[in-house]
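**Student:** Below are the sequence and a predicted model for it; my questions follow.
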Amino acid sequence: MSAEYLPLPIPWLGVVGMVPSIDGASAGPGPIAISSDLLSPPIADAVLASPKVRGDDFVNRFRDWWRGRFKARKRPGSGLPARKIIVALRNSRRVSQFFFLVLFLFLLVRTEFRGSFNGGANVRMPYPVEGFLLADPFVALMTFLSSHTVYRALWWSVGMVAITLVFGRIFCGWICPFGTLHHFFAWLLPNPKSGTGGSRRVRANMTHPYQSAKYYLLGAFLVAAVCGSAIGGLFDPICICVRAIGLAVIPAINYVTSRGLDHVSQTNIHILQQSSDVARDALVATVLQPRQYFFHQTWVIGGLLFIVLLANRWIPRFWCRALCPLGATLGLIARNALFGMEKDHSKCTDCNLCLVDCQGADSPQGGVKWNQDECHMCLNCETACPEDVIKFRFLPNRRSATLAQDGLDRRKVLVTAVTGAAVLPLARTSDTIDSNYYDRLIRPPGSLPERDFMERCIRCAECMKVCPNNALHPALLESGIEGLWTPILIPRIGYCEPTCVLCGQVCPTGAIQKISEEQKLGSAVRHIEPIKIGTAFYDHGRCLPWSMATPCIVCEEFCPTSPKSIWVEEIDVPDRDGHMVHVQRPHVDPQLCIGCGACEKVCPVQDRPAVYVTSVGESRSRTNVILLESTNYNRL
Amino acid sequence: MREVRDYHRSDHGGPSDFVVVRGAATTAPTVLVEQALTALGGMARFISRGDIVVVKPNIGWDRTPLQAANSNPEVVAAVVHLALDAGARKVIVTDASCNDPGRCFQRSGIWAKAHRAGAEVMLPAEHRFRTMRLGGEVLDEWPVYRTLIEADKVINVPVAKHHNLAKYTAAMKNWYGTLGGRRNRLHQSIDVSIADLATFMRPTLTVVDGIRVMMRNGPQGGNVDDTQRMNTVLASIDQIAVDAFGCTLIGQRPENLPYLRMGQERGLGTMQWQNLRPREVEVLADGSVERRALIVPEGEDPAAVAFALNHARCERVIT
């Protein structure tokens, strides 16, 4: 869009059909030999030396863009106007991108429990806040290959497949919130050396060999899935959005806003204090969280988001073109999409206007074949084309279309497949899942046994976002390299609320099962065992009643089971002066303890608590046990 | 120097300062609260027209009403109704919960009932606390819930229950909900900190919910078997007296609760509830009401009299 106001002159006519293709689809003289000879000198000068667009002055650029909105722009070249339907569709695409980004952010912000006066005793999310993940065919395909089932509402993704079969990768251009973010950042951060309509940008938007990387990546992830690991979730764009925005961006915004308003309310000026309070109340009631959430090592997640968004400065939509495995999945589905592009090469004047705002780098220009599987259906090319070359329509003439995926190197495909298959044994023989595992690897309640869990967990972080107590966190290396960003419970930051089952409710793949309150708490009447996620232990050397002759037992007070898993021994102990002090010394009953971690959370010994939970005794494992009576190999 | 929030001063006197109301199994909690306030001289004795009233129930735990870890929602709603009827401009219901506030407020049923009764239910949030110097014996500087100390009148609506460390808790311990920060350290000196808080907060009125009383596994319980239906409501202007009487609900004796003695020594009230012109109200199954003065015969143990009144199914008062 940024190029539309530029005073682009009438394109040169002498070089029609001479543009060398870089994908080798047409018989050009050689690969990438474009750069400055692509634009004849006067034009290159006109574009690059335009004083309006030179430099980084965002305000000027915005002002020009804004004024340009209202000007009747003269179209270059033959000046044929774009079809009305296409302009309307392009505008609908923009509305759709905005709508789905807002919807995504709304659902993400609402992925939390706020309580309500008309809510009952059983707390559930009122609508599917994980909806975007449910419609994600890559997640569905990957978890289908690893677990041989399609979990519940993941069937939604079939709808997305159907849409793609008809319209191509419309998801990438019209719906994907991560794609929209990249689209926006590619507009916001163009390379300063290129100018907004410059040759570098045109070159960057041509089809490049690196775009096939995503297909190799997809292959590796799918093979890893067949071998039993849903590790591909690390690269799923929706997972990245939920994880990075939910765990890094939103808490960071929350932090900045709260600290800022704190400073305002600590001034001595009454009116400032009051307005700070009013603003705070209003924000907390809508978007902010009533308390600050902290996430384990979330700077890594936030930093990677920053880097991948920054990459748009050099290569627009680098993520979508080069790495996105969901885009690759949709590209495979879009091979024979009914809606597509038809080109009339003879009319092309090689003005390259179509390339200026091309999102998918799918070769819309004349003289080369269109890459159907790369196209995001953004329709910018046809809107920009002044010569009646590009036409989007149903059942197009396919002579001028090709597929990037057909150019994949078989040897590379084989190598990536082997890599994918090697992930599992390499990760699992490095003593993290089956032997000498981290004792504090506490999984959310209702989690499957570790191997099954790895088959399904896509690291989307929905569970961490929804947890009302900030108990669930992205693991860094606690569960091995394979378990990167899978959920672990860190009781010191937050414990597992015994009556809460929200993490299982929002889990899109069933790594955490959808359990009921009764299943979680157990029922003596119906002989249902409660779900245990670990067992608490005392560090007597740090416990006040045990070693400091001081009464405490906050742990016992917070223990939520009935009868309490923590029982106390009444005893008189001498203090330093020999006076007898009556204290209650806490003990854990491993039969009753569910490992919720409330005791660890509230222990007043601030840095390293005197009571802590480890994963032993968790219901999901039949080997990670203490007691003889729980060692039942027939149980699961 | 002790900081004090005394909401008690505006009291102009009434027929009685301490009331025990007991109902039949079918009596609605609302009726018991209304009877208690009538016996004290009506809500107008405490609330003036245009007051901003804070009702402070116990909404500490993520528990349902049947588990009796939080104040009974109907008792809370009845107090809200009476305060609004007496001309309060606004009634705020709030508490600083132990578990996640959203869950506590929703699952305790108090949010729904108080909202429908016309109260503004306010959830605690970080920014509503401000660090204050309380000047107590163990409580010096703490983050204090501003809403509770910026009101015109404060009505304490605790639930009577067992507490494994403090033995029995209701009115005085309910002020833990005034504090933010890491309250877990208070347990190292729980009796003094309860007394400190009761010194800081002197409510206009205390209405103790004894509809369903947690007899063991306190303060959180979690099992209906831990509770016992008692259909009792206590109301008083004296938070020490109401706890001294209330502890007999679970079979305790006031002498076993050091925080009562400390409070009495600091002049917060009296453990001798029999000196507060006590009245006893009984609502029978047919809806008829019996009212009488509550008299402890000369030479008899007040705790035993109170215990006998409460019809507790406990075998005896704990000595």
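**Tutor:** Received the coordinates, thanks. Residues are numbered from 1 along each chain as shown, chains lettered A, B, ... in the order given.
**Student:** wait, what's in contact with A:D373?
**Tutor:** A:169, A:331-332, A:334-335, A:403-405 (C-beta atoms under 8 Å, 6 or more residues apart in numbering or on different chains). Where C-beta positions appear, they are placed from N, C-alpha and C, glycine not excepted.
**Student:** which one of those sits closest to B:A303?
**Tutor:** A:R169 (79.0 Å; C-beta to C-beta).
**Student:** Next step: the contacts of A:D373 restricted to helices.
**Tutor:** A:331-332 (DSSP state H).
**Student:** packing partners for the helix or strand harbouring B:T131?
**Tutor:** Assigned by DSSP states H and E, B:T131 belongs to strand B:129-133. Applying 3 or more C-beta pairs under 8 Å, 6 or more residues apart in numbering or on different chains; DSSP states H and E, we find strand B:129-133 packed against strand B:141-145, helix B:146-149.
**Student:** change it to 6 Å
**Tutor:** Applying 3 or more C-beta pairs under 6 Å, 6 or more residues apart in numbering or on different chains; DSSP states H and E, one finds that strand B:129-133 makes contact with strand B:141-145.
**Student:** So, low pLDDT: which residues of the chain?
**Tutor:** Let's take chain A. Within chain A, the segments meeting pLDDT under 70 span A:1-56, A:70-73, A:191-198, A:629-636.
**Student:** actually it's chain B I care about, not the one you picked
**Tutor:** For chain B, applying pLDDT under 70 flags the ranges B:1-2, B:9-11, B:311-319.
**Student:** how much space between the most centrally placed residue in chain B and A:C358?
**Tutor:** What sits nearest the mean C-alpha location of chain B, by C-alpha atoms, centre = their mean, is B:P158, with 3.0 Å. From B:P158 across to A:C358, the span is 68 Å (C-beta to C-beta, to the nearest Å).
**Student:** What's the PyMOL syntax to select whichever of the contacts of A:D373 are buried?
**Tutor:** A single PyMOL command selects the buried members of the contacts of A:D373 (16 or more other C-beta atoms under 10 Å in any protein chain shown):
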select buried, chain A and resi 169+331+332+334+403+404+405
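**Student:** what would the contacts of A:D373 look like in a markdown table with distance to chain B?
**Tutor:** Listed next are the contacts of A:D373 as a markdown table, based on distance: C-beta to the nearest C-beta, whole Å:
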| residue | distance to chain B |
| --- | --- |
| A:R169 | 40 |
| A:G331 | 43 |
| A:L332 | 43 |
| A:A334 | 43 |
| A:R335 | 48 |
| A:L403 | 51 |
| A:A404 | 49 |
| A:Q405 | 48 |
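**Student:** Put together a markdown table for the contacts of A:D373, with distance to A:P386 on each row.
**Tutor:** Listed next are the contacts of A:D373 as a markdown table, based on distance: C-beta to C-beta, whole Å:
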| residue | distance to A:P386 |
| --- | --- |
| A:R169 | 26 |
| A:G331 | 29 |
| A:L332 | 34 |
| A:A334 | 27 |
| A:R335 | 30 |
| A:L403 | 28 |
| A:A404 | 27 |
| A:Q405 | 31 |
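**Student:** one step back: the strand holding B:T131 pairs with which strands, and in what direction?
**Tutor:** strand B:141-145 (antiparallel) (DSSP bridges).
**Student:** distance between the strand it pairs with and the chain's centre?
**Tutor:** 21 Å (C-alpha atoms, centre = their mean, to the nearest Å).
**Student:** Mind listing what's buried along that strand?
**Tutor:** B:142-145.
**Student:** do the same with stretch A:514-532
**Tutor:** Buried, per 16+ other C-beta under 10 Å, within stretch A:514-532: A:514-515, A:519-522, A:530-532.
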